[in-house]
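*Asks:* Quick check, what structure comes out for this input:
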Amino acid sequence: MVELVIFCFAISCCNTIPVVTTNQATEIGRTTALCGGVVTDDGGGVCDCSDNGVCWSTNPLPTIADNRIKDTDSLSIGPFTSRLTQLTENTLYYVRAYATNAQGTAYGNEISFTTKSITKAKLSTKSISQLDPVSATSGGDITDDGGSAIISKGVCWGTGENPDLTNKTDDGTGGDGYTSYISGLLPDNDYHVRAYAINGVGTSFGNNIPFRTPCAKPLAVTNYETFGQTSVTFNGNVSPVYSITSVTFEYGTNASGLDKTVTAAQSPVTGNNTVAVSAVVAFSELSLDVEHYYRLKAVSCGGTHYGNIEPFIPSVTDQYTLTITVVPERKGSVVKLPDQSHYFAGTDVKLTAYGANDYSFIGWGGDVTGTSNPITVTMNGNKNVTASFFYTGVGR
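*Replies:* Below you'll find the predicted structure:
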């Protein structure tokens, strides 16, 4: 280098040192910036061994002994730019353009700038898609990681605006856009969702998006009926799909026009499990030995679903009657337990006699005899029982 300078002087390379000005910094980032200047005078003569660029430092009046970038290896009049790299975030830097020829190095005016700080990420929330009664799809687009690696990202949701991270998805790391699947929602409910991203500075959120889950139509299945001594029980299964669902059974003698309704004992039902439902209809509400039909009906905010139609015939075949007679008439009463119009064969019925004013029970007659009170009658056929009472008042 020394020999090269001597050679330049030997041929009188340049007349004077150059003249250069410094431009303001642009495109300032966290670790980079664009700087430059304008060479207005190269010093004249032949300056083959000249260069220009910028130098910078965290101290004022930087020189080429500090940090510098060459723009060219030959000095020329006109503007030039240089990109500074490997800077430190949130730091004040001083910059001067320089130009060097054989006569020496000239510096332009000093400018300064501060690199950007590491901040929270910036992102937006993706619109809701694939919405059903219990789930939805959203996500986020990260537009700026804030200069710090994204260590967690996803969406959070709740029933209030701008939800926190109480309910959230975890969709990995990094600054790429992402899709999030939200589950565990309830039908016919209002929700809010927003994207989130966490970097070394903290948590940032995207815009809030409200949405409402639709209602699901319930599912209904009619099962076989079961008979009791004096009634029939309708049975079925309902899947409410999280919606509050009212459950009834429709029945009648015309399959195409079921004109009576009874509410299931379990109605209303909710949740996502299949629920067994039932309702009891007394034979007194039906026409005995006539074919009837029934079906299950489930209604929620999502609509109405009917189960299949099932036939049944209410009948008292193999059932017996129990007739009680009081003697003297209206001078006492008998209570049956159970108290029914018909009894299946083998049913035990407890009879208890109660005398009216001034009358006392004295015994049973007919198909059962004795004076025990109460007494039990086994129904193995139609039974006729007499309860006798005796006047015990004064003045007989």
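*Asks:* can you list the domains in the chain?
*Replies:* 2-114, 122-212, 219-312, 319-391 (automatic domain parsing).
*Asks:* need the helix or strand of this protein with the lowest average pLDDT.
*Replies:* Least confident helix or strand, the chain: helix 2-10 with a mean of 36, by mean pLDDT, DSSP states H and E.
*Asks:* want to throw the domains of the chain into JSON lines with mean neighbour count?
*Replies:* For the C-beta atoms, the positions are set from N, CA and C on the backbone; glycine is no exception. As requested, these are arranged in JSON lines below (neighbours: other Cβ atoms under 10 Å):
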{"stretch": "domain 2-114", "mean neighbour count": "17"}
{"stretch": "domain 122-212", "mean neighbour count": "18"}
{"stretch": "domain 219-312", "mean neighbour count": "17"}
{"stretch": "domain 319-391", "mean neighbour count": "15"}
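*Asks:* ok, of those, where does mean pLDDT dip lowest?
*Replies:* Of all the domains of the chain, domain 2-114 carries the lowest average pLDDT, namely a mean of 85.
*Asks:* middle-most residue in the chain, spatially?
*Replies:* Centroid-nearest residue in the chain, with Cα atoms, centre = their mean: Leu185, separated by 2.9 Å.
*Asks:* Please report how far it lies from Thr137.
*Replies:* 12 Å (Cβ to Cβ, to the nearest Å).
*Asks:* picking that back up, doesn't the residue nearest to the centre of the chain lie inside a strand?
*Replies:* No - applying DSSP: H, G, I helix; E, B strand; the rest coil, one finds Leu185 to be coil, outside a strand.
*Asks:* Which stretches in the stretch 101-250 of the chain count as strands?
*Replies:* Ranges of strands in the stretch 101-250 of the chain, per DSSP state E, counting those that start in this stretch, are 104-114, 122-125, 129-132, 135-144, 152-158, 178-182, 190-198, 203-205, 209-212, 219-222, 226-227, 231-239, 246-252.
*Asks:* Give me the contacts around the second one.
*Replies:* By Cβ atoms under 8 Å, 6 or more residues apart in numbering, the residues outside strand 122-125 that reach it are 138-144, 146, 153, 155, 193-197, 204-209.
*Asks:* Mind doing that once more with 10 Å?
*Replies:* The contact list for strand 122-125, computed with Cβ atoms under 10 Å, 6 or more residues apart in numbering, reads 138-146, 150, 153, 155-156, 175, 177-178, 180, 192-197, 204-209.
*Asks:* circling back to that earlier point, would you tell me what the next helix or strand after the least confident helix or strand of the chain is?
*Replies:* The helix or strand immediately downstream of helix 2-10 is strand 19-22, counting by DSSP states H and E.
*Asks:* before we move on, the earlier item: list the residues that are in contact with both of Leu185 and Thr137.
*Replies:* In contact with both Leu185 and Thr137: Leu131, using Cβ under 10 Å, 6+ apart.
*Asks:* Kindly provide the distance from Pro163 to Asp141.
*Replies:* Taking Cβ to Cβ, one finds Pro163 at 19 Å from Asp141.
*Asks:* And Ala33, by the same measure?
*Replies:* Distance from Ala33 to Asp141, by Cβ to Cβ: 27 Å.
*Asks:* what does Ser231 give?
*Replies:* From Ser231 to Asp141 the distance is 64 Å (Cβ to Cβ).
*Asks:* Next: Thr63.
*Replies:* Taking Cβ to Cβ, one finds Thr63 at 45 Å from Asp141.
*Asks:* cool, Ser341 as well?
*Replies:* 74 Å.
*Asks:* With only the CA atoms kept, save stretch 229-245 in CSV.
*Replies:* C-alpha atoms of stretch 229-245 as CSV (Å, rounded to 0.1, in the frame of the first residue of the first chain):
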residue,chain,number,x,y,z
GLN,A,229,-100.5,-53.7,34.2
THR,A,230,-102.5,-50.7,33.3
SER,A,231,-100.3,-48.6,31.0
VAL,A,232,-97.8,-48.6,28.2
THR,A,233,-94.4,-47.0,28.2
PHE,A,234,-93.0,-45.4,25.1
ASN,A,235,-89.2,-45.6,24.7
GLY,A,236,-86.6,-43.9,22.6
ASN,A,237,-83.2,-42.3,22.3
VAL,A,238,-82.3,-38.7,21.6
SER,A,239,-78.9,-37.1,20.7
PRO,A,240,-79.3,-33.4,21.5
VAL,A,241,-75.9,-32.4,20.0
TYR,A,242,-75.3,-29.9,22.8
SER,A,243,-78.6,-28.0,22.2
ILE,A,244,-81.4,-27.8,24.7
THR,A,245,-83.9,-30.2,23.2
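*Asks:* Could you dump the strands of the stretch 101-250 of the chain into a markdown table and include distance to Thr261?
*Replies:* Output for the strands of the stretch 101-250 of the chain, formatted as a markdown table (distance: least, Cβ to Cβ, whole Å):
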| stretch | distance to Thr261 |
| --- | --- |
| strand 104-114 | 78 |
| strand 122-125 | 47 |
| strand 129-132 | 31 |
| strand 135-144 | 34 |
| strand 152-158 | 40 |
| strand 178-182 | 39 |
| strand 190-198 | 33 |
| strand 203-205 | 51 |
| strand 209-212 | 31 |
| strand 219-222 | 14 |
| strand 226-227 | 19 |
| strand 231-239 | 11 |
| strand 246-252 | 5 |
